[in-house]
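Undergrad: Below: sequence and its predicted model.
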Amino acid sequence: VFCVITVYINKYRRKIAYYHDFPNVLRVFLACLGGVCLSYLSVSMILVGFLFFLLSIFANDETMRRIYRNKGVIVLSGIDGTGKSTHTLNICNWLREEGKECVLVPFHKYLFLEYFSKLRLKIKGQAVSREESVRGPPPAKTSKLSFLRPYLALIDNLLLYLVKVIPQVIKRKYVVCDRFIWDNYVKHKALGYSTKFLYRLSTLIKPEFCIILDLPPNVASERVNQRPFHYRYTLEQYETE
C-alpha cells in the first residue's frame, strides 16, 4: 500500500516524475517481501526473507536511477551506409582521449541468434564466415514460423542490452551503441514482417542521447553495394526505413 500511494502521489498529485522516488519505493517493497517471508517458520522462507531484506539494504538509489535513465548511453541509429560504425568508433576514441572510460556495443551483432546461424550453416556443410553469410539478399520468409524472426531478434537485443550495456552503466562508463533495439523494428518493418506489437516493445528502453543519421535511399544503396559482405536490400526497403 505504501508503495502504491507513494508512486501515485509523486506522479499524479505533485506532478513529479515517479522515478525520483521509485528506487526508495522499491527498497521498501523488497523489505516488506522479506518481512513476509520471515514470518513463515521454515528454513527456505527464512533464507528467502533474508535475501530480500539484504537486497533492500544494498539497493543503491543512484545506481537504479542511472539504469532507469540510461545515464551515459549514446546511440547512433540510421539506415545502412550513413557511417554509424565509423562515428561510434570516433566518439569512443574521443571520449577515451578525454579520460573517460568508454565501451562500444554493436547492436547489429547478436548473441544466441549468431550462434544458431553458424550452427545452421555448419549443419548444411557451409563453412563460411559471418561476413560471407550476409552476402546477397536478406533471408526470405520461407516457413510458417518466420513471423517469429523479428521477435527473436528483439529478445536477443534485450539480452545484449542486459549483458553488455547495464553492467557498464553501473560502473559509470560511457556506452556508445552502433544501432539500438528499435533498429530491429525498423529493419523488419522494411522487410515486410508484421510489426503490430514490435514497436512498443522495441521502444520501451530509451538511451540518454540518440543521434539519427540519414541518407537518400539511392545513396545508401550505392554505398552498401560497394561493400563485399552486406545484405543487398532493395531501394523500396531503404525508402521504408
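TA: It's in. Since the structure is predicted, the reported quantities are computational estimates derived from the model, not experimental observations. Residues are numbered from 1 along each chain as shown.
Undergrad: Correct me if wrong: residue 154 contacts residue 202.
TA: Yes - counting by Cβ atoms under 8 Å, residue 154 touches residue 202, with 6.2 Å between them. C-beta here means a position set from N, CA and C on the backbone, and glycine is covered the same way.
Undergrad: between the two, which one's more packed in?
TA: Counted by other Cβ atoms under 10 Å, residue 154 and residue 202 do not tie: residue 202 has more neighbours, with 23 against 19.
Undergrad: which ones are touching the more buried one?
TA: By Cβ atoms under 8 Å, 6 or more residues apart in numbering, residue 202 lies in contact with 154, 181-182, 184-185.
Undergrad: What sits closest to it if chain neighbours are left out?
TA: residue 185 (3.9 Å; Cβ to Cβ, 6 or more residues apart in numbering).
Undergrad: Burial check on the one you found, number of neighbours?
TA: 21.
Undergrad: next one: residue 169
TA: 22.
Undergrad: wait, is residue 77 part of a strand?
TA: Yes - assessed by DSSP: H, G, I helix; E, B strand; the rest coil, residue 77 belongs to a strand.
Undergrad: Could you check the pLDDT of the spatially closest residue to it that is not a sequence neighbour?
TA: Closest residue in space to residue 77, ignoring its immediate chain neighbours: residue 212 at 4.9 Å, by Cβ to Cβ, 6+ apart. We have a pLDDT of 94 for residue 212.
Undergrad: quick one: contacts of whichever helix or strand residue 212 is part of?
TA: Counting by DSSP states H and E, the element that carries residue 212 is strand 209-213. Identification of contacts with strand 209-213 by Cβ under 8 Å, 6+ apart yields 73-79, 82-84, 87, 180.
Undergrad: and that strand, C-alpha only, in PDB?
TA: Provided in PDB are the C-alpha atoms of strand 209-213 (Å, rounded to 0.1, in the frame of the first residue of the first chain):
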ATOM      1  CA  PHE A 209      21.400  10.500 -26.100                       C
ATOM      2  CA  CYS A 210      20.500   9.400 -29.600                       C
ATOM      3  CA  ILE A 211      21.800  10.600 -33.000                       C
ATOM      4  CA  ILE A 212      19.900   9.500 -36.100                       C
ATOM      5  CA  LEU A 213      21.900   9.600 -39.300                       C
END
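Undergrad: If you count neighbours, what's buried in it?
TA: Residues of strand 209-213 classed as buried: none (neighbour count, 16 or more other Cβ atoms under 10 Å).
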